[in-house]
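# next come a sequence and a model predicted from it.
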Amino acid sequence: MKKTLFWLIILSLVAMAVFTSYRYISLVYENNKLNAELRASQFYATNLQDRLNKQKEQYDNLLKDMEALEAKLKDGQTRLDTAHKELDSLDEKIAILKQENASLAEKLNLATQEKAEIQAKLDAATQEKAALEEKFNSMESLKQAIKDLRVKMRQARQLKPGHHNSKVTFGNRGYVILNGKPTLSSSQVKIEVSPIP
């Protein structure tokens with residue numbers, strides 16, 4: 001019986017050893033599996049961390065780019081505002097220049113008209129000068145001009161107010177008798193005859 005108990009104890013110990021070995025192998029396997037999963041998880045976490053770091057870096061770069069673009073946009077807006085102000089100023093200057101141009105054009109037209117009038121007067125004066133030169137070039141023409149001048153001076157003296165000539169009466173219109181009455185105060189009549197040139 002001792003022998004049987006011995007074998008039972010040995011069998012129990014062997015069974016326990018087999019069970020313990022199986023359990024140990026099973027635990028080692030589980031541990032290895034868990035370690036592998038842990039390493040995979042750590043690798044995945046490292047990858048995720050790397051990706052997160054890269055995305056954070058990209059985000060930081062994008063943020064810097066966005067800040068730079070905002071600065072450029074503000075600068076561009078400032079330049080645009082300045083350009084709009086300069087354009088408004090130029091529009092005002094152009095309007096003023098157009099008004100001045102219209103005024104100058106009107107003055108030019110007036111000056112052109114005045115020049116034409118002066119040219120016409122100059123042409124008339126030139127023609128009159130030529131006529132006078134032609135007239136005064138001969139003695140007969142000069143004598144006739146002196147006679148005409150004397151007649152004009154005489155007529156001017158007669159038309160002066162306060163001038164009284166007993167031989168000539170104003171208002172007879174060249175008639176010696178008008179409406180049956182003599183127009184002269186004296187009985188003498190002076191008649192001058194001059195040749196027609």
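Structure's in. What do you need? What you are looking at is a predicted structure, and each value in this text was computed from that prediction instead of being measured.

# all the helices of the protein, residue numbers only.
2-136, 139-159 (DSSP state H).

# can you add mean pLDDT and give these back as JSON lines?
Converted to JSON lines, the helices of the chain look like this (pLDDT from 0 to 100):
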{"stretch": "helix 2-136", "mean pLDDT": "89"}
{"stretch": "helix 139-159", "mean pLDDT": "81"}
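
# now that we have the ones you listed, can you turn them into TSV and tack on mean neighbour count?
Placement of C-beta: from N, CA and C, glycine included. Formatted as TSV, the helices of the chain follow (neighbours: other C-beta atoms under 10 Å):
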stretch	mean neighbour count
helix 2-136	10
helix 139-159	11
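
# wait, which of those helices is closest to Pro195?
Closest approach to Pro195 among the helices of the chain is made by helix 139-159 (9.2 Å; C-beta to C-beta).

# alpha carbons of that closest one, as PDB, please.
C-alpha atoms of helix 139-159 as PDB (Å, rounded to 0.1, in the frame of the first residue of the first chain):
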ATOM      1  CA  MET A 139       0.500 165.300-107.700                       C
ATOM      2  CA  GLU A 140      -3.000 165.400-108.900                       C
ATOM      3  CA  SER A 141      -4.100 162.800-106.400                       C
ATOM      4  CA  LEU A 142      -2.300 164.700-103.700                       C
ATOM      5  CA  LYS A 143      -4.000 168.000-104.700                       C
ATOM      6  CA  GLN A 144      -7.400 166.200-104.700                       C
ATOM      7  CA  ALA A 145      -6.700 164.800-101.200                       C
ATOM      8  CA  ILE A 146      -5.800 168.300 -99.900                       C
ATOM      9  CA  LYS A 147      -9.100 169.700-101.400                       C
ATOM     10  CA  ASP A 148     -11.100 166.900 -99.800                       C
ATOM     11  CA  LEU A 149      -9.400 167.500 -96.500                       C
ATOM     12  CA  ARG A 150     -10.200 171.300 -96.700                       C
ATOM     13  CA  VAL A 151     -13.800 170.500 -97.400                       C
ATOM     14  CA  LYS A 152     -14.000 168.200 -94.500                       C
ATOM     15  CA  MET A 153     -12.400 170.800 -92.200                       C
ATOM     16  CA  ARG A 154     -14.800 173.400 -93.400                       C
ATOM     17  CA  GLN A 155     -17.800 171.200 -92.800                       C
ATOM     18  CA  ALA A 156     -16.400 170.400 -89.300                       C
ATOM     19  CA  ARG A 157     -16.100 174.100 -88.500                       C
ATOM     20  CA  GLN A 158     -19.600 174.700 -89.700                       C
ATOM     21  CA  LEU A 159     -21.000 171.900 -87.500                       C
END
